[in-house]
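*Asks:* Starting from these lines, generate the structure:
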Amino acid sequence: MDDKIAEFILLAAKMEFFLVNLDQDFAHVDGETRVIRGVNWNRIGQSLEDMYPFADFDFEGSGFQILKETLPQYLVAKENGGLKWDSEDVVVSSWQTLLGRSYAQLRNNVAHGNKAQLPAPFTHNRTKDLLEAGHCLIHFIGGAYSHDDSWSYAIQFQ
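*Replies:* So this is what the prediction gives:
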C-alpha cells in the first residue's frame, strides 16, 4: 500500500504544479510576497464547470463517482485523548466541493497517517477505492487542461 500511496501523492503533486504553472489564477498567491500557498480549487472547479457542467457529468462512468457520493473521513481528537475517524454529511453538488473537500481531503488523508494504526471497518477497502478514484480524477483534470499527458511525465532534475 505504501507504494500506491507514494505513486498517488507524486501524481497529485505533478498535476497541482501543472495547474498553477498553467494559470496563476489556479493558485492561492500571497498578495504581498507572491508566494504560492496552494491550489485554488474553487477557481479550478469554476473552470471545470464551464467545460463539463457538474449536473450533466457522467460520474458513473468517470471512475471517481465515490468522491461525489462520499467524503473521505478526517481525524478528530477525542476529549479523553486519542483519535477517531469522523465525517460530515455534505452533499457534493459542484466541482468546487468535489475538489475542495473530497479530493483535497483524500490527498491529505493518504499523505498523513497509517490507517492500520487506527483501524475502523470502513478503512479496509476504502483507502484502495479512494486512491483509484483519485487517480481517475487527476487524469481527468490533467486531460481537461492538456492535449497530451506531458503534465504527468517523470520529474527530472539536472
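*Asks:* those helices in the protein, which residues are they?
*Replies:* All helices of the chain, identified by DSSP state H, fall at 2-22, 41-51, 65-69, 95-97, 104-111, 123-145.
*Asks:* quick one: average confidence on the fifth one?
*Replies:* Mean pLDDT, taken over the full extent of helix 104-111, equals 78.
*Asks:* gap between Glu79 and Asp86?
*Replies:* For Glu79, the distance to Asp86 (CB to CB, to the nearest Å) stands at 13 Å. Where C-beta positions appear, they are placed from N, C-alpha and C, glycine not excepted.
*Asks:* Mind checking which of the two has more residues around it?
*Replies:* Neighbour count, other CB atoms under 10 Å: between Glu79 and Asp86, Asp86 has more, with 9 against 6.
*Asks:* Count the neighbours of the residue lying closest to the more buried one once chain neighbours are set aside for me.
*Replies:* Excluding the flanking residues, the one nearest Asp86 by CB to CB, 6 or more residues apart in numbering is Val76, at 4.6 Å. By other CB under 10 Å, the residues close to Val76 number 12.
*Asks:* my guess is Val76 meets Gly82, correct?
*Replies:* No - counting by CB atoms under 8 Å, Val76 stays clear of Gly82, with 9.8 Å between them.
*Asks:* re the thing from before, which residues touch the residue nearest to Asp86?
*Replies:* Contacts here follow CB atoms under 8 Å, 6 or more residues apart in numbering; on that basis Val76 touches 83-86.
*Asks:* returning to that earlier point: taking the helices of the chain together, which one is wrapped up most tightly?
*Replies:* helix 95-97 (a mean of 21; mean count of other CB atoms under 10 Å).
*Asks:* average pLDDT across it?
*Replies:* Regarding helix 95-97, the rounded mean pLDDT is 96.
*Asks:* just stretch 42-58 next, same as before
*Replies:* Per-residue pLDDT over stretch 42-58 has a mean of 97.
*Asks:* can you list contacts of it?
*Replies:* By CB under 8 Å, 6+ apart, stretch 42-58 touches 19, 25-26, 93-100, 141, 144.
*Asks:* switch the cut-off to 10 Å
*Replies:* Stretch 42-58 is contacted from outside by 16, 19-20, 23, 25-28, 40-41, 62, 65, 68, 92-100, 103, 140-141, 144-145, using CB atoms under 10 Å, 6 or more residues apart in numbering.
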